[in-house]
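Trainee: Requesting a structural model of the entry that follows:
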Amino acid sequence: MKIDNFKVEDWFNKYEKISKYDMADTCVGTLSLKELFNITGESVKHLDYITGLRLNYGDIQGSECLKSGICSLYDSAIGSDNIVVTHGAIGANQLVMLSVIEPYDKVVSILPVYQQHYSIPESIGAKVERIFLHEENGWLPDMDELRNRARGAKIICMNNPNNPTGAVMPESMLKEIARIAGENNSYVLCDEVYRGLEHDGKVSKSIAELYDKGISTGSMSKVFSLAGLRLGWIATPDGIAHEIMKQVIIHREYNTISIGRIDDYLAAIALENKDKIIRRNLDIIRRGKQIVSNWIDKEHHFSWVEPKGGTCALLKYDFEYGSYDMCKKLSEETGVLFLPASALEMDGYLRIGYCGNTNMLKEGLEIFSDWAVKNCG
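Mentor: Residues are numbered from 1 along each chain as shown. Okay, here's the model as predicted:
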């Protein structure tokens, strides 16, 4: 099976380690074990448990404690039998696609989005129709276009809140997408790794809560600042979508068996303390977002559609410069790292992550301003 190079990961593999000002990262101040245990208030208990834990295979599909914590992120229609634990959301998305999509199926993918959502279906032999979000629509999908393009689709792939734009679909739009999918008997795969980081504190509805063929994927990476656990999940409602879990579990047995027992335990205690972690992370997000907003207010060459959720946004620039060449030159000359929009199948934009060290963010933006005037103006 041939598959396209993963452009985002190629970029990070090449430039992330040499960057001094990493403003492409989309994680929120990653937690250390010490910080996680301090949040729980039970450091000794957790350390004793982990150091006494035998490192055999864990619960094959995730412990009941972990799955109960994941269920708490959804409404009561999503029970532990509706959850499959995976190797990150990246594993979750892949398992869904391998279980649903067959050669010659029609797949509709809403871009920009994580490359899995169109390259994996293409590698399977599906016909992928791409719908691009546009700045003038606030980076939200055009429902008329989706209605026209969704005819005969096996599955619609999207994410909400959106990476890289930070757009958040309102519940009315999600319900309309569910109606369009229902008219075509289509599944909807919604990558919801940023769900819970809506900047107004109001958590978006999950597609699995709104549609009987809605499939939600999530992870511990973004919302809970625990990317190093490499732990994600698939959630479905009862009914048609849940039937696909039988195939998911078969595919999972070939590539996962079980997640690590330590990862399972740490994720479970993080979910028990989800309100504290999310409150901490939203504080970091709002501070970083304000720094970028203040910077944009002083700039003449850059603009954005203010993000409403997640940890990143697209910066639009008015220079006659391709995003890849611009970011490459900037990184090599200053150590300031953005993600070029060319890695997201578009151009004329840079993706910025604004949830790391605030001093680094301020300094990196000032360096970028000076560099851009000298090299691009």
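Trainee: and the end-to-end length of stretch 201-211?
Mentor: 23 Å (CA to CA, to the nearest Å).
Trainee: outside of it, which residues touch it?
Mentor: 73-75, 77-78, 82, 160-161, 168-169, 171, 174-175, 177-178, 181-182, 188, 190, 192, 195-196, 198, 214-216, 235-237, 241, 282, 309 (CB atoms under 8 Å, 6 or more residues apart in numbering). No exception for glycine: its C-beta is placed from N, CA and C like everyone else's.
Trainee: Now restrict these to buried residues only.
Mentor: 73-74, 77-78, 82, 160-161, 168-169, 174, 177-178, 181, 188, 190, 192, 195-196, 198, 214-216, 235-237, 241, 282, 309 (16 or more other CB atoms under 10 Å).
Trainee: gap between the closest residue to Leu66 other than its chain neighbours and Val248?
Mentor: Spatially, and ignoring its direct neighbours in sequence, Leu66 is nearest to Ala268 (4.4 Å; CB to CB, 6 or more residues apart in numbering). Separation of Ala268 from Val248 (CB to CB, to the nearest Å): 21 Å.
Trainee: More neighbours: these two, which one.
Mentor: Between Ala268 and Val248, Val248 has the larger neighbour count (other CB atoms under 10 Å), namely 22 against 19.
Trainee: Shouldn't the more buried one be within a helix?
Mentor: Yes. Checked against DSSP: H, G, I helix; E, B strand; the rest coil, Val248 lies within a helix.
Trainee: so what's it up against?
Mentor: Residues near Val248 by CB under 8 Å, 6+ apart: 84, 95-96, 99, 234.
Trainee: Could you do Arg230 as well?
Mentor: By CB under 8 Å, 6+ apart, the neighbours of Arg230 are 87-88, 259, 263.
Trainee: now that we have those residues, which one has the most neighbours?
Mentor: Ile259 (27 neighbours).
Trainee: Wait, it touches Gly88, no?
Mentor: No. Using CB atoms under 8 Å, Ile259 is not in contact with Gly88, being 9.5 Å away.
Trainee: okay, and the common contacts of these two?
Mentor: Taking CB under 8 Å, 6+ apart as the criterion, Ile259 and Gly88 both touch 230-231.
Trainee: The nearest residue to Met173 once chain neighbours are set aside and Leu146, how far apart?
Mentor: For Met173, ignoring the flanking residues on the chain, the nearest one in space by CB to CB, 6+ apart is Leu140 at 6.7 Å. With distances taken as CB to CB, Leu140 is found 11 Å from Leu146.
Trainee: next helix or strand past the helix or strand of the chain with the lowest mean pLDDT?
Mentor: Every helix and strand of the chain was ranked by mean pLDDT, DSSP states H and E. The lowest is helix 240-255, at a mean of 88. Counting by DSSP states H and E, the next helix or strand C-terminal to helix 240-255 is helix 261-272.
Trainee: Report all helices and strands that that following helix contacts.
Mentor: Counting contacts by 3 or more CB pairs under 8 Å, 6 or more residues apart in numbering; DSSP states H and E, helix 261-272 packs against helix 33-40, helix 43-51, helix 64-71.
Trainee: Can you give me the buried ones in the longest one?
Mentor: Going by neighbour count (16+ other CB under 10 Å), the buried part of helix 43-51 is His46.
Trainee: hmm, who's touching that helix?
Mentor: Contacts for helix 43-51 (CB under 8 Å, 6+ apart): 34, 37, 40, 262, 265, 269.
Trainee: Now the fourth one: closest residue in space that isn't a chain neighbour?
Mentor: This points to Ile262. In space, and not counting its chain neighbours, Ile262 is closest to Ile50: 6.0 Å by CB to CB, 6+ apart.
Trainee: how far away is the one you found from Gly91?
Mentor: 23 Å.
Trainee: same check, this time on Lys289
Mentor: 30 Å.
Trainee: more crowded one of these two?
Mentor: The neighbour comparison of Lys289 against Gly91 (other CB under 10 Å) goes to Gly91, with 24 against 18.
Trainee: Please tell me I have it right and the more buried one contacts Thr256.
Mentor: Yes. The pair Gly91 and Thr256 qualifies as a contact (CB under 8 Å) at a distance of 6.6 Å.
Trainee: intersection of neighbour lists for those two?
Mentor: Counting by CB under 8 Å, 6+ apart, nothing touches both Gly91 and Thr256.
Trainee: can you give me the helices for the protein?
Mentor: 7-15, 33-40, 43-51, 64-71, 88-100, 116-124, 143-149, 171-183, 207-210, 240-255, 261-272, 274-298, 323-334, 358-376 (DSSP state H).
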